[in-house]
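Colleague: Give me coordinates for this.
(one chain, ligands or ions: 2)
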Amino acid sequence: MTWDGLLLDCRLATLTDNGQPYGRIENAALGWKDGKITFAAPQSQLPGRPDALAAQVESSGNSWITPGLIDCHTHLVFAGNRANEFELRLQGVAYEDIARAGGGIVSTVEHTRAASADELLAQSLRRARALRSDGVTALEIKSGYGLDFDNEAKMLRVARRIGAELGIEVRTTFLGAHAVPPEFAGRQSDYVDELCVHMLPAIAKEHLADAVDAFCENIAFTPSETRRVFETARALGLAVKLHADQLSDLGGAALAAEFGALSADHLEYTSEAGVRAMAVAGSVAVMLPAAFYTLRENRLPPLEQFRMHGVPMAVASDLNPGTSPLLSLRHAMNMACTLFRMTPEEALRGATVHAARALGLTDRGMLAAGQRADFVTWDVEHPAELCYWIGGNLARRVCVGGREVNR
Ligand code: DI6
Ligand code: FE
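Modeller: Residues are numbered from 1 along each chain as shown. Ligands and ions are numbered 1, 2, ... in the order given. Reported below is the predicted structural model:
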């Protein structure tokens, strides 16, 4: 039983429920083989001499090590950007007026449709690299700026290529129900037909998406349209998740729960009934504080109720060109603490073990034997620093399956 690698002299934030803050183990060792963790425990419990146990043995110099960070909600594949709208909004132009003048999501749709797959990949890779450089080893990427089959498929294929190119895990989500494309203007229900009758079955047939999402909101799709999308997804055997209750309470959280959603995301306006329904369904509540920040919202998601009812909370970047041009998951964790009053430990669980659950992944998010050897060595003296420092780059070494990916 020779392991591929063994790190000695570690401080592990395992995020397991071992009774210690952060699932901490000091004076620890971390071993792996074939991409999976074989040992994550006190060094004194190693079953032999280090050099007899592993092909490569190294001291981490008492570094803190966490599971690889997982960004469970991004829209990072898109072309162009909306810095011009940022300037307009700062001059007092309303978001709705920008959208009416052909800006907003529709302007990103135009740019994304016009871009070749290679251009889209080049632009999106830069953002994915930024996330990876500060500790992200797995991420979700949504479509939703193509809004016809060919362009949605192009986005999802580009998303998968990002994973292959960067050596990280990418989970894809079909978000055809993000906005109504210009060619269906004024015919929203025809577009929902198109989604359910043609696009979703074709996406499923080509195995392009791991899950299906919708933007359920007054300015987007109604609860009954969302229900149709979810029923179609269920019939095709695809998991669902939902942009729910971000700007108003349409009962999105409860609707997601009714379909056994992996997660419901945003949730600023979620009622206690919605929270209870999520608890029963086991759906994860994904906090997206950077969108809250960018839109200068003031209604906080019901965190105390999530805690009380035992709904696991994740934290994600929501990286998108309109409401969250954020290139750091760690920065989202900082905002989750400062704006939403999550504890640093909750935020770190939210970007590891709970984020994994929001993606339906059970083989990562913790440092424990049998989990994937996705881990990050950090330049910090305490894990709370991962949420405390704003900006900068604290990840020293980002490893996926035991292999360093950010050299
Ligand atoms: N919620 C949002 O806030 C964004 N999409 C979504 O579903 C906005 C995306 C954009 O403006 O491009
Ligand atoms: Fe989003």
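Colleague: rest of the way, CA atoms for contacts and neighbours
Modeller: Will do.
Colleague: Which residues are in contact with V284?
Modeller: 262-264, 278, 311-314, 354, 357-358 (CA atoms under 8 Å, 6 or more residues apart in numbering).
Colleague: Most neighbours among the residues you listed, which one?
Modeller: Within the contacts of V284, most neighbours by other CA atoms under 10 Å means S263, with 33 neighbours.
Colleague: Ignoring the adjacent residues along the chain, who's closest to Y191?
Modeller: F184 (6.2 Å; CA to CA, 6 or more residues apart in numbering).
Colleague: Ok, W3 next?
Modeller: A54 (4.3 Å).
Colleague: Low-confidence stretches in the protein?
Modeller: 1 (pLDDT under 70).
Colleague: How about it: which residue is closest to ligand 1?
Modeller: G322 (3.4 Å; CA to the nearest ligand atom).
Colleague: For that residue, which three-state class applies?
Modeller: At G322 the chain is in coil, as set by DSSP: H, G, I helix; E, B strand; the rest coil.
Colleague: do L300 as well
Modeller: L300 ends up coil, using three-state DSSP.
Colleague: Make sure it is actually in contact with S271.
Modeller: No - counting by CA atoms under 8 Å, L300 stays clear of S271, with 11.7 Å between them.
Colleague: quick one on the thing from earlier: the residue nearest to Y191 and V192, how far apart?
Modeller: Between F184 and V192 the distance is 10 Å, computed by CA to CA, to the nearest Å.
Colleague: Settle it for me: which of the two has more neighbours?
Modeller: Applying other CA under 10 Å to F184 and V192 shows that V192 carries more neighbours, namely 21 against 13.
Colleague: Dump the contacts of V284 to a markdown table, plus secondary structure and distance to E346.
Modeller: Output for those, formatted as a markdown table (DSSP: H, G, I helix; E, B strand; the rest coil; distance: CA to CA, whole Å):
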| residue | secondary structure | distance to E346 |
| --- | --- | --- |
| L262 | coil | 19 |
| S263 | strand | 17 |
| A264 | strand | 17 |
| M278 | helix | 18 |
| V311 | coil | 12 |
| P312 | coil | 9 |
| M313 | strand | 8 |
| A314 | strand | 8 |
| H354 | helix | 9 |
| R357 | helix | 14 |
| A358 | helix | 15 |
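Colleague: List the contacts of P42.
Modeller: Here P42 is in contact with 25-29 (CA under 8 Å, 6+ apart).
Colleague: Okay, and E165 sits in which element?
Modeller: Taking DSSP states H and E as the criterion, E165 maps to helix 149-166.
Colleague: contact partners of that helix?
Modeller: By CA under 8 Å, 6+ apart, helix 149-166 touches 77-78, 112-113, 117, 120-121, 124-125, 128-129, 141-146, 169-174, 176, 199, 202-203, 208-209, 405.
Colleague: Stretch 200-220 too?
Modeller: 149, 153, 156-157, 171-180, 221-223, 226, 229-230, 232-233, 236, 238-248, 250, 252.
Colleague: Help me see whether that stretch makes contact with ligand 1, please.
Modeller: Yes - contact of stretch 200-220 with ligand 1 (CA under 6 Å from any ligand atom) involves F215.
Colleague: picking that back up, which of L300 and S271 has more residues huddled nearby?
Modeller: Per other CA under 10 Å, whichever of L300 and S271 has more neighbours is S271, with 20 against 17.
Colleague: Phi, psi for the more buried one please.
Modeller: phi -80, psi 170 (degrees, to the nearest 10).
Colleague: so it touches D249, yeah?
Modeller: Yes - S271 lies in contact with D249 (CA under 8 Å); the separation is 7.3 Å.
Colleague: what distance separates the start and the end of stretch 30-38?
Modeller: 8 Å.
Colleague: Distance from the chain centre to it, please.
Modeller: 24 Å (CA atoms, centre = their mean, to the nearest Å).
Colleague: buried stuff in that stretch?
Modeller: Buried positions in stretch 30-38, judged by neighbour count with 16 or more other CA atoms under 10 Å: 30-33, 35-38.
Colleague: From these, which land in strands?
Modeller: 30-33, 36-38 (DSSP state E).
Colleague: On the three-state scheme, Y293 is what?
Modeller: Reduced to three states by three-state DSSP, Y293 is helix.
Colleague: Who are the contact partners of it?
Modeller: Per CA under 8 Å, 6+ apart, neighbours of Y293: none.
Colleague: What distance do you get for A257 to A41?
Modeller: 37 Å.
Colleague: neighbour count winner among those two?
Modeller: Remark: of A257 and A41, A257 carries more neighbours, 26 against 23, as counted by other CA under 10 Å.
Colleague: Get me the contact residues on this structure for ligand 1.
Modeller: Residues of the chain lying near ligand 1 (CA under 6 Å from any ligand atom): 104-105, 178, 215, 243, 320-323.
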